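Enquirer: Here is my input; please provide its structure:
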Amino acid sequence: MTRRETLEAATQAVMIDRNATHGDPEDNFQHIAEFWTTFKGVPFTRHDVAIMCALIKVARMKQSPENPDHAVDLAGYAACANEVVTKG
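Expert: Residues are numbered from 1 along each chain as shown. Now for the predicted structure:
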């Protein structure tokens, strides 16, 4: 995949596909942060969730770097991380 194809696929995933399935990232990441906070007993933020999910993708890229889905998802999580932190 080219850079453009990767970013276009990430845009499709983040703006259309995942929103239809999971709702807005801000809301979904907030729910996840609340569950993680309860489970671990330490505070998590929406931004933490986006970064932790991105790190999962990095680990998967190490295991199977030829799978383009990992790079697409990583780009999507980076965009979501930026958005949730700038929205406050």
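Enquirer: Okay, now the unreliable bits of the chain?
Expert: For the chain, applying pLDDT under 70 flags the ranges 88.
Enquirer: what residue is smack in the middle of it?
Expert: Among the residues of the chain, the one closest to the centroid is residue 77, at 2.8 Å (C-alpha atoms, centre = their mean).
Enquirer: Could you double-check that residue 48 lies in contact with residue 32?
Expert: No - contact criterion C-beta atoms under 8 Å: residue 48 and residue 32 do not qualify, at 9.2 Å. (Glycine included, C-beta is placed from N, CA and C.)
Enquirer: Return the list of helices and strands in contact with the strand or helix carrying the residue nearest to the centre of the chain.
Expert: If you go by DSSP states H and E, residue 77 is part of helix 68-87. Applying 3 or more C-beta pairs under 8 Å, 6 or more residues apart in numbering; DSSP states H and E, we find helix 68-87 packed against helix 3-12, helix 25-40, helix 46-63.
Enquirer: Skipping its backbone neighbours, what lies nearest residue 32 in space?
Expert: residue 49 (4.7 Å; C-beta to C-beta, 6 or more residues apart in numbering).
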